[in-house]
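> Provided below for reference: sequence and predicted model.
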Amino acid sequence: MSYLEQSFSVKFDYKIYFTNTLFHIENPTLANFFKGRAAGGQKIYFVIDEGVAITHPSLINEITTYFKLHKEVQLIADIMVIPGGEAAKNDTALFDKIIDAVDTYGIDRHSYIAAIGGGAILDLVGYAAAVSHRGIKHIRIPTTVLSQNDSGIGVKNGINYKGKKNFLGTFAPPIAVFNDDAFLNTLSDRDYRSGISEAIKVALIKDPDFFYWIEAHTNALANREADSMNYLIKHCAKLHLEHIGGADPFESGSARPLDFGHWSAHKQEQLSGFRILHGEAVAMGIAVDSTYSFLTGLLTADKLQRILNVLLQLSFEITDPTIEIRDLQSPVLKGLTEFQEHLGGKLTITLLTDLGTGKEVHEMDHQLLIKASGYITDFVKAYTTVNANNN
């Protein structure tokens, strides 16, 4: 027998920029990024989340004015505005529309597709960029807490297909991410809060001091104190980037610690018809897996209660009919099978042994999950009663 063999590695690097009013003509952040990269003839094509365009009605004009002054790349004047939210990832017609624009405007591998919006729009546009010409340079400009501290800064892109979340997708790092905190000012309280759950998640599995900081700043975060949120986003992003730069950035193995609390969250989003936001589902998933960790003897009762209290103090719902596990036929339990299928290989779930310390397990006791769901329901009732009495 004979064979040939080749082995090589590809180096990826990209920066996360933190700024305010990115498209103000006196803000050099974006222009400086293109300087030294422009080789002549490069274009940039923008896709904007419709919700962002509505809440920032001058945005398209600001982009146009910015690139008239800063001419390092050629702006395609026909800026695309498409509906945002998870529905964008369910609509393959939107994917086709972006591909058509790439073809129509001659966006080549040396040009850029920039996406402005929440995580769903970034996922959709990133996927289209990754598969067009086998990879067009992609710039992400996240506009939500969740996308600025988690989804928008990572290396994953995708769309939902056949009723399954992220069934089609790629690992393709952006060429740069620009976090503009001015976009956060127009978020609803619900969207603003939603992204905090991903910070709680990464703190619980990687950084106990960060969890203690969140615990101490729940009031400031709930009241939308800008300095506290900016710190949360930057530190959360740092922890996510450190993980991505580790041994398995493209998740070729079955371990996926950053998906703590996600096996049920992904299924719950689907079961709710995406009525429940991703961050809200993650908060409930954190509650389920933390409680399960306690019931298996991995986590102490006082630490579990600290986790649940932080979630409740930030006004997260930590239970809902779509995630309740009443019996072995409860629909959310199918999320375990789908999660394993999405991971490949054996089921791998991250549980907690301490605040800031995760542990991988390869099976979940369904009867114990039923108990965990009941525990959470009782905890919420007790919490509500105490608060009512105190008021």
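Cool, got the structure.

> Residue 263: what's it in contact with?
Neighbour list for residue 263: 285, 289, 335, 336, 339, 349 [criterion: CB atoms under 8 Å, 6 or more residues apart in numbering]. Glycine gets a C-beta too; all of them are placed from N, C-alpha and C.

> Now do the same for the residue nearest to the third one when sequence neighbours are not counted: its pLDDT.
Leaving out its chain neighbours, the residue that sits closest to residue 335 by CB to CB, 6 or more residues apart in numbering is residue 267, at 2.9 Å. The pLDDT attached to residue 267 in the predicted structure is 92.

> Assign residue 10 to helix, strand or coil.
For residue 10, the assignment made with DSSP: H, G, I helix; E, B strand; the rest coil gives coil.

> Just give the number of residues close to residue 168.
Residues contacting residue 168 under the criterion other CB atoms under 10 Å number 16.

> meant to ask about residue 380, not that
As a burial measure, residue 380 scores 16 neighbours (other CB under 10 Å).

> same deal with residue 184?
Each residue near residue 184 was counted by other CB under 10 Å, and the total is 21.

> Can you list the buried residues in the helix or strand hosting residue 372?
For residue 372, the element it lies in under DSSP states H and E is helix 366-390. Neighbour counts over helix 366-390 (16 or more other CB atoms under 10 Å) mark 369, 370, 372, 373, 375, 376, 379, 380, 383 as buried.

> Which secondary structure elements does that helix sit against?
With contacts taken as 3 or more CB pairs under 8 Å, 6 or more residues apart in numbering; DSSP states H and E, helix 366-390 sits against helix 278-295, helix 301-313.

> run the last query once more with 7 Å
Helix 366-390 sits against helix 278-295, with contacts defined as 3 or more CB pairs under 7 Å, 6 or more residues apart in numbering; DSSP states H and E.

> picking that back up, format the contacts of residue 263 as JSON lines; extra columns: pLDDT, distance to residue 234 and neighbour count.
Shown next, in JSON lines, are the contacts of residue 263 (pLDDT from 0 to 100; distance: CB to CB, whole Å; neighbours: other CB atoms under 10 Å):
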{"residue": "285", "pLDDT": "97", "distance to residue 234": "24", "neighbour count": "26"}
{"residue": "289", "pLDDT": "97", "distance to residue 234": "26", "neighbour count": "29"}
{"residue": "335", "pLDDT": "89", "distance to residue 234": "31", "neighbour count": "24"}
{"residue": "336", "pLDDT": "89", "distance to residue 234": "34", "neighbour count": "18"}
{"residue": "339", "pLDDT": "84", "distance to residue 234": "29", "neighbour count": "22"}
{"residue": "349", "pLDDT": "92", "distance to residue 234": "29", "neighbour count": "25"}
